[in-house]
Every structure is written in structure tokens, then in C-alpha cells.
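Colleague: need the 3D shape of this:
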Amino acid sequence: MGNFFFLAAALSLVFGIISGNISAVSAAALEESTHAVELSIKLLGSLCFWSGIMEVARRSGLVNALCEALRPILGLIFPGLKNETKALGAISMNVSANLLGLGNAATPLGISAMKELHKISGNSSSATKEMVLFVVMNTASLQLLPTTVATLRLEAGAERPLDILPAVWLVSALSLFIGIAAAKLSFPKGENS
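Modeller: Modelled structure (predicted):
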């Protein structure tokens with residue numbers, strides 16, 4: 001990633017010098033770096049707000065209720081984990097955060113779920129089918145409320161930042177379904193790793 005950034009910066013300077021617009025390139029670099037910091041702070045505020053909402057939901061028991069509601073569905077997706085309540089609980093917490101569009105807040109929950117799956121595998125050095133399936137589900141996650149995207153759209157000046165909801169629901173549901181199907185088909189029946 002660092003090499004790509006260096007290459008992009010170097011090419012910008014070269015083309016700025018060639019075209020005689022080096023002062024515009026310098027001004028744009030300074031202005032956009034300021035915008036990047038402002039956007040990061042706004043996204044951090046949104047992340048803190050929704051992480052706080054998630055913590056209130058956890059303490060109130062709402063997350064446990066959601067986990068219980070998701071358990072039958074997750075039991076069908078992960079049939080080998082039906083008796084592993086800690087792993088299913090960690091997975092359902094991650095799924096809950098992803099449903100709310102909290103990708104960054106879902107990351108620590110995903111790491112926790114992966115640790116539980118790793119323990120179940122006997123600390124194997126290779127990924128099990130449950131691990132692969134979980135990574136696919138986490139990556140393709142169904143989002144009911146895409147909070148990060150809504151924050152970015154609001155920052156970009158969208159009057160109705162959530163008017164994309166039907167498209168988000170359709171695309172995330174399709175990607176999740178296709179991802180789960182592909183992950184399940186990649187392992188022959190009964191194969192664990």
C-alpha cells in the first residue's frame with residue numbers, strides 16, 4: 001500500500017511539473033489532506049455513536065435476544081456448531097453489528113468469533129469450513145442499516161442519505177446468499193478443513 005501511495009504522489013508531481021500546474025497540485029494535496037482528517041473525525045463520531053448504541057443494546061439484553069433469534073438460522077448455516085454456544089454467540093454478535101452496518105465495530109466481534117472457532121478446531125493451523133464460512137459471511141454481510149455509507153453520503157451532500165436502502169438490502173442479501181453457497185460448495189460434504 002505504501003508503494004502505491006508513493007507512486008501516486010510521484011506521478012502527481014511529475015504531471016504537475018510537466019503541465020505547469022505544480023502549485024495547483026500542492027494546493028490540492030494540502031486541501032485534501034485537511035478534508036481527509038475532517039472526514040475521519042466525522043466517521044469516528046458515527047462509529048462511536050453506533051458502538052455506544054450497540055453497547056446499550058448489549059447491556060439491556062437486546063443483543064442477547066437478537067442472538068437467540070439468530071441462533072436457529074446460524075444453526076442451519078453452521079450445523080457443526082449447534083452445541084457450541086460460545087462460538088455461535090460470538091458469531092451472532094458479529095452478524096448483529098454487520099446488520100447495523102457497523103463494519104468497524106464488527107471487527108473486534110469477528111476476531112472474537114474467529115478465536116472461538118480456532119479453539120473448536122483444536123488450534124489447527126489450517127482453516128476449517130466453519131472459519132471459511134464465517135469469513136465469507138462477515139465479508140458479504142447483510143446490512144439493514146448501512147450507517148457508514150449513510151455518513152459518507154451525508155458528508156458528500158446527499159439530502160436523503162438513506163434512500164439507497166432498497167438497493168443495499170438487495171445487493172447485500174444476494175452477495176451473502178452467493179457467498180454462503182460458494183463456501184458450502186467448496187467443501188465436499190463431511191469435510192472439515
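Colleague: secondary structure element for residue 131, which one?
Modeller: Assessed by DSSP states H and E, residue 131 sits inside helix 129-140.
Colleague: got the buried residues for that helix?
Modeller: Applying a neighbour-count criterion of 16 or more other CB atoms under 10 Å, the buried positions in helix 129-140 are 129, 130, 131, 132, 133, 134, 135, 136, 137, 138, 140. For glycine as for every other residue, the C-beta is placed from the backbone atoms N, C-alpha and C.
Colleague: which stretches of this structure form helices?
Modeller: Remark: helices of the chain, listed N- to C-terminal, are 2-19, 22-60, 62-77, 85-99, 103-120, 129-140, 147-155, 165-186; assignment by DSSP state H.
Colleague: any chance of those in JSON lines, plus mean pLDDT?
Modeller: As requested, the helices of the chain are exported to JSON lines (pLDDT from 0 to 100):
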{"stretch": "helix 2-19", "mean pLDDT": "80"}
{"stretch": "helix 22-60", "mean pLDDT": "80"}
{"stretch": "helix 62-77", "mean pLDDT": "81"}
{"stretch": "helix 85-99", "mean pLDDT": "81"}
{"stretch": "helix 103-120", "mean pLDDT": "83"}
{"stretch": "helix 129-140", "mean pLDDT": "89"}
{"stretch": "helix 147-155", "mean pLDDT": "81"}
{"stretch": "helix 165-186", "mean pLDDT": "89"}
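Colleague: burial count for residue 73?
Modeller: For residue 73, the count of nearby residues is 11 (other CB atoms under 10 Å).
Colleague: torsion angles phi and psi at the closest residue in space to residue 99 that isn't next to it in sequence?
Modeller: With CB to CB, 6 or more residues apart in numbering as the measure, residue 144 is the residue that lies nearest to residue 99, at 4.9 Å, once sequence neighbours are left out. Main-chain dihedrals, residue 144, degrees, to the nearest 10: phi -90, psi -30.
Colleague: surely residue 144 touches residue 98?
Modeller: No: proximity of residue 144 to residue 98 does not meet the contact threshold set by CB atoms under 8 Å, at 9.2 Å.
Colleague: list the buried residues of stretch 68-75.
Modeller: Going by neighbour count (16+ other CB under 10 Å), the buried part of stretch 68-75 is 70, 71, 74.
Colleague: ah, wrong one, I meant stretch 84-95
Modeller: Residues of stretch 84-95 classed as buried under the neighbour-count rule (16+ other CB under 10 Å) are 84, 87, 88, 89, 90, 91, 92, 93, 94, 95.
Colleague: and if you look at stretch 114-132?
Modeller: By neighbour count on 16+ other CB under 10 Å, the buried set for stretch 114-132 is 114, 116, 117, 118, 120, 121, 127, 128, 129, 130, 131, 132.
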